[in-house]
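Peer 1: Pasting the sequence and the predicted coordinates here, then a few questions.
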2 protein chains.
Amino acid sequence: MYSQINKNISRYVTFEPEELEIFNSLLEYKTVPKKTILLHEGEMCNFEAFVIKGCVRKYYIDANGFEVILQFAIENAWISDISFSIYEDKPSRVFIETLEDCEFFMFSPETKEALFIKAPKFERAFRILMQRNLAVTQDRLFNTISKTATEKYLEFLEHYPTLSQRVAQHYIASYLGISAEFLSKIRTKIAKQ
Amino acid sequence: MYSQINKNISRYVTFEPEELEIFNSLLEYKTVPKKTILLHEGEMCNFEAFVIKGCVRKYYIDANGFEVILQFAIENAWISDISFSIYEDKPSRVFIETLEDCEFFMFSPETKEALFIKAPKFERAFRILMQRNLAVTQDRLFNTISKTATEKYLEFLEHYPTLSQRVAQHYIASYLGISAEFLSKIRTKIAKQ
DNA sequence: TTCATTTCTTGTCCCAGTTCAATGCGCAAG
DNA sequence: CTTGCGCATTGAACTGGGACAAGAAATGAA
């Protein structure tokens, strides 16, 4: 039950069994049906979630009413709007929604604080997770600015090989920052060679 | 001398004077002339720098040989390629270059570790800095995907009011992800109304 | 002061990607 | 079985922004 998340959190920091026990005891297991919105724009994000099973998207709605997907999270990924909400004390600008039936481990900011007090080494583990998150976002910015739509799509397929089977095309288009129609045209062009 | 950086690091965590003394004692003060490259692509980034005075850009060179600026750092900002280099143990894909004569406080990853051992509360402060960094990058991704060039430029002016006087237009264009020529056209259009 | 180099502007042509249909295709619900 | 609806495809017309070129202005070095 806890092996996935323990493996994930131990990736850059080695923990004693007792520390992992404390960690696990603070986690809340939750199942959520598909198409559930976990966080609405304007709310405070009061959770961080680790995806045990399922698929989630994080998106905002731009000035013209278009959804733009910032992140997909599948098995063994973390999802939250930590960067805006927590510590900044600002309401979130994003939505978080399940795309499939999901299982999560979740915890609140308060629980996280409690964890840091009981087992301070987790502070470091979460700092490094944050750094990786930053690296991924920076990479995405890089791609968004300097690659063509076709290149972005091919890279997406490489990076998330299973996701293109699991989610609707127009979600992928939204993630890539292109129109659903144009993605369709790219796909037929690729298929024809 | 240390008041700027102490104010900055104390923004979300309150430190005792002794803790700040430890911190300050580990910092290395450095002046660097303009047009100096602090980090080359392919190197490991072995520093984090706090800008006391001056202006720095962080950029990469894309597949077509174009420079794309990821970040400007001016007074009271941090600059590093921490996300890719340190902990990931991968050579950096970015360059960091001074645009003006600069004064920095710098420290190495090893020094940072030493700091965390002597004064563990800094682990938290740097985690929160990292979160803010992530928030800014995510915001930039948001803007890059869903705003027009004109909107991006106007927002840039609001967000960095002094920078447009300090750096060349083509650097700003590069930051906004548009060509220098097109930025020039945007500027004349804006001026004419 | 002058010459050179870098930066900024302006015009023309062009293309990647958008917008707006229209059509077709599952698939779930009654 | 069929109605309805969300999703994908395709085409035609349009546009934001890029590429290139050539000149103007600013900066700076000797």
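Peer 2: Sure, I can see it.
Peer 1: What separation do you get for residue A:69 and residue A:99?
Peer 2: 10 Å (Cβ to Cβ, to the nearest Å). Quick note: C-beta positions are derived from backbone N, CA and C, even for glycine.
Peer 1: Quickly list what's touching both of these two.
Peer 2: Shared contacts of residue A:69 and residue A:99, defined by Cβ atoms under 8 Å, 6 or more residues apart in numbering or on different chains, comprise A:57, A:171.
Peer 1: pLDDT averaged over whichever helix in chain A runs longest - what is it?
Peer 2: Counting residues, the longest helix in chain A under DSSP state H turns out to be helix A:121-146. Predicted confidence along helix A:121-146 averages 90 (mean pLDDT).
Peer 1: how many degrees apart are that helix and helix B:121-146 in direction?
Peer 2: Taking axes from the mean of the first three to the mean of the last three Cα atoms, to 10 degrees, helix A:121-146 and helix B:121-146 form an angle of 20 degrees between their directions.
Peer 1: After helix A:121-146, heading C-terminal, what element do we hit next?
Peer 2: Remark: after helix A:121-146, the chain's next helix or strand is helix A:149-159, criterion DSSP states H and E.
Peer 1: just checking, what packs against that next one?
Peer 2: When contacts are defined as 3 or more Cβ pairs under 8 Å, 6 or more residues apart in numbering or on different chains; DSSP states H and E, helix A:149-159 packs onto helix A:121-146, helix A:163-166, helix A:169-176, helix A:180-191.
Peer 1: so which of those helices gets nearest residue A:59?
Peer 2: helix A:169-176 (7.0 Å; Cβ to Cβ).
Peer 1: elements contacting that closest one?
Peer 2: strand A:67-73, helix A:149-159, helix A:180-191.
Peer 1: got a markdown table for these, with distance to residue B:186, mean pLDDT and mean neighbour count too?
Peer 2: Below are these laid out as a markdown table (distance: least, Cβ to Cβ, whole Å; pLDDT from 0 to 100; neighbours: other Cβ atoms under 10 Å in any protein chain shown):
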| stretch | distance to residue B:186 | mean pLDDT | mean neighbour count |
| --- | --- | --- | --- |
| strand A:67-73 | 23 | 94 | 20 |
| helix A:149-159 | 23 | 96 | 15 |
| helix A:180-191 | 25 | 96 | 13 |
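Peer 1: Which single residue of chain A ends up nearest DNA strand C?
Peer 2: When you check chain A against DNA strand C by Cβ to the nearest atom of the strand, the closest residue turns out to be residue A:182, at 3.2 Å.
Peer 1: list the contacts for that residue?
Peer 2: Taking Cβ under 8 Å, 6+ apart, we find residue A:182 in contact with A:149, A:173.
Peer 1: Against residue A:45, how distant is residue A:29?
Peer 2: Applying Cβ to Cβ, one obtains 19 Å for the distance of residue A:29 from residue A:45.
Peer 1: Wait, residue A:8 touches residue A:50, no?
Peer 2: Yes - using Cβ atoms under 8 Å, residue A:8 and residue A:50 qualify as a contacting pair, with a distance of 6.9 Å.
Peer 1: All good on my end, thank you.
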